[in-house]
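Student: here's my sequence, what's the structure:
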Amino acid sequence: MARIHPLSVVDPAAEIADDVEIGPFCVVGPKVKIGPGCVLISHVCVTGRTTIGARNRFFPGCCIGCLPQDKKYAGEDTALEVGDDNVVRENCTMSIGTVQDHGITKVGSRGLYMANAHVAHDCQVGDDVILANNVGLAGHVHVADFAIIGGQAGVHQFVHIGAHSMVGGGSMVMRDVPPFVICSGYPAEPHGLNSIGLRRRGFTAAQFMVLKHCYHAVYRENLTVAEASDRMKALEAEHPEERDLIELFRVSVADSPRGIIR
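Tutor: Residues are numbered from 1 along each chain as shown. Alright, predicted model coming up:
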């Protein structure tokens, strides 16, 4: 049976796994589902139609499944889904979605959300993501797997942050960040590949070389986006063993609806 502190309020309609721990002064709403092994340390509010996976740990002050900060929201029954093994530190907020998008905000697994991070309505956040202190994701932002966003950074609505990329602290990201790229500034500008992160994740020298060619095509050769895309298509033919990585880089650049950082 779940261990629920007597000073917490848990709606009887909520679905709580048997080994969940809920500390004092927490509030859990009627449409909430919390999976096995989760811990709500204290002063955590979980509301809305929110589904939380296994072994997540929420620190004091978190508000999970809160209403969208969007004037168009009119009380629709939208949702938030959180994966497994996330650490969500003090005062983080994660909103449910809106009907202007797909009606759901999604947060992946194994993420670290440091104090005061905000995941707005309709965001789609991948696995193994790190949001440092005071990061703000505006509505409809997509953050792909293994991306890292440094403290105090802000991400404009509808922006896509690519896989394995890194955004420096204090940056303002107004356009899409391609995968594997490191950027910083106000507005954010590219500063090469996220080489340290790629090496830490086991990328080989051959993979790094191919990604470097992609980066040069986009950022170092004064090519248009279409020309850079053609150059990367040629790289796919030359390096079939790295085709998936090249295609990920190419598609993120060629199909960016907001345009990429330059």
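
Student: how close does residue 155 sit to residue 110?
Tutor: 20 Å (CB to CB, to the nearest Å). Heads up, the C-betas are built off the backbone N, CA and C, glycines and all.

Student: more neighbours: which of those two?
Tutor: Set residue 155 next to residue 110 and count neighbours by other CB atoms under 10 Å: residue 155 wins out with 27 against 17.

Student: residues touching that one, list them.
Tutor: Contact partners of residue 155, counting by CB atoms under 8 Å, 6 or more residues apart in numbering, are 135-138, 141, 143, 149, 161, 167, 173.

Student: one more pass at 10 Å, please.
Tutor: 118, 120, 123, 131, 135-138, 141-143, 149, 161, 167, 171-174, 177, 188 (CB atoms under 10 Å, 6 or more residues apart in numbering).

Student: show me which of the residues you listed are buried.
Tutor: Taking 16 or more other CB atoms under 10 Å as the criterion, what is buried in these is 118, 120, 123, 131, 135-138, 141-143, 149, 161, 167, 171-173, 177, 188.

Student: among the contacts of residue 155, which are located in strands?
Tutor: 118, 131, 136-137, 142-143, 149, 161, 167, 172-173, 188 (DSSP state E).

Student: format these as JSON lines; extra columns: distance to residue 76 and pLDDT.
Tutor: Below are the ones in strands among the contacts of residue 155 laid out as JSON lines (distance: CB to CB, whole Å; pLDDT from 0 to 100):
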{"residue": "118", "distance to residue 76": "21", "pLDDT": "98"}
{"residue": "131", "distance to residue 76": "26", "pLDDT": "98"}
{"residue": "136", "distance to residue 76": "23", "pLDDT": "98"}
{"residue": "137", "distance to residue 76": "21", "pLDDT": "98"}
{"residue": "142", "distance to residue 76": "21", "pLDDT": "98"}
{"residue": "143", "distance to residue 76": "24", "pLDDT": "98"}
{"residue": "149", "distance to residue 76": "28", "pLDDT": "98"}
{"residue": "161", "distance to residue 76": "27", "pLDDT": "98"}
{"residue": "167", "distance to residue 76": "31", "pLDDT": "98"}
{"residue": "172", "distance to residue 76": "30", "pLDDT": "98"}
{"residue": "173", "distance to residue 76": "28", "pLDDT": "98"}
{"residue": "188", "distance to residue 76": "33", "pLDDT": "97"}
